[in-house]
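Colleague: Could you look at this predicted model? Sequence included:
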Amino acid sequence: MGPATTPDLEEARARVLAATRDLDGATVREVLLDALLISGVDATVTQVILPVLKDVGDGWESGRLGVVHEHFVSGAVRGVLGELRLPVHGSQVRTVVLACPPRELHDLPLELFGAMLHARWWRVVSLGANTPMTAIGEAARFLGADACVLAGVRRSAFEARLPSLTRLARSVPVFIAGEGAMALPDPPRDLTVLSADLVEAAELVDAVGARLAEPAVG
Ligand code: B12
């Protein structure tokens, strides 16, 4: 069962869905920014944005909504996420590289996850959909990343990449997520499969990053 939805967030969710039907970007932005300010990133993502994306995705599949609504809401959510990305500075700041493996286009939940890590004071470097494995490795090395998170809906997105993911995991903790990762029958032990619960997943990545940030003793 998901987290209990507070009445205000329930209202925000209904308003964002109605504004999506009306292609009213100003209202989507206003309601989401208010929810973020009042309830924070975790609650807004899990109780407003993800349910709206699910409703719109299901509505699109069933023909209740159109491709126009899916594109519109994706663009509107990305716009709001962009407004949140203030730079994070300081010696304790950790860096995460986010990407979807080659040929994987479902990047929006990963972007939302990035916002949740950013709220935990991570520098988030997002390479987006359909990223070559070589580019992910290059970014991780160049940035001295503390973690890499890859997400995909289809199992095949990971299956074909297990050797390169395992190689990457020798130099940086690698987390894999989304339906495709969860469907892997026997994921290599070097990779950590994240839960579908984004808050639980963010806590896990944050905890691993925190362990790495601790100074060595002795
Ligand atoms: C929107 C959408 C798209 C958009 C993606 C937009 C974007 N930039 O993200 C576009 C139009 C690009 C797209 C394309 C395709 N899609 Co599509 N798409 C969907 C749709 C309608 C909604 C997905 C969505 O965003 N859901 C909302 C999110 C919040 O829910 P979720 O994906 O279930 O994620 C949950 C968990 O898995 C988890 N999670 C997911 N990612 C992450 C990441 C992290 C870090 C963590 C911690 C957790 C996590 O968190 C969520 C919370 O519960 C679904 C059907 C549906 N109704 O869900 C199909 C669906 C995912 N698509 C599908 C397919 C087949 C395709 C295409 C191949 C279609 C085609 N023939 O062209 C293409 C190409 C895909 C590719 N190569 O990657 C299939 C996947 C089937 C499968 N498992 O193989 C689905 C299920 C439709 C179907 N019933 O067949 N798609």
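Modeller: Received it, and whenever you're ready, just let me know what you need.

Colleague: make it CA atoms for all contacts and neighbour counts henceforth
Modeller: Noted.

Colleague: what residues does the helix or strand hosting M116 touch?
Modeller: Using DSSP states H and E, M116 falls within helix 108-119. For helix 108-119, contacts defined as C-alpha atoms under 8 Å, 6 or more residues apart in numbering pick out 41-42, 45, 50, 74, 78, 81, 84-85, 98-99, 124, 126, 128, 150-151, 198-199, 202, 206.

Colleague: quick one: that helix near the ligand?
Modeller: Yes: part of helix 108-119 sits near the ligand under the criterion C-alpha under 6 Å from any ligand atom, namely L108, P109, L110, F113.

Colleague: Show me which residues of that helix are buried.
Modeller: Applying a neighbour-count criterion of 16 or more other C-alpha atoms under 10 Å, the buried positions in helix 108-119 are L108, P109, L110, E111, L112, F113, G114, A115, M116, L117, H118, A119.

Colleague: do stretch 66-85 as well
Modeller: The neighbour-count check on stretch 66-85 (16+ other C-alpha under 10 Å) flags G66, H69, E70, F72, V73, A76, V77, V80, L81 as buried.

Colleague: Quickly note the distance from the closest residue to the last one other than its chain neighbours to A207.
Modeller: Yep, that's L81 we're talking about. Nearest non-adjacent residue to L81, counting by C-alpha to C-alpha, 6 or more residues apart in numbering: A115, 6.8 Å away. In this structure, A115 and A207 are separated by 16 Å, where distance is defined by C-alpha to C-alpha, to the nearest Å.

Colleague: so which of the contacts of helix 108-119 also contact the ligand?
Modeller: Within the contacts of helix 108-119, those near the ligand by C-alpha under 6 Å from any ligand atom are L50, A151, L198.

Colleague: among these, which are in helices?
Modeller: Judged by DSSP state H, these include L50, L198 as members of helices.

Colleague: ranking the ones next to the ligand among the contacts of helix 108-119 by neighbours, who comes first?
Modeller: Highest neighbour count within those: A151, with 30 neighbours (other C-alpha atoms under 10 Å).
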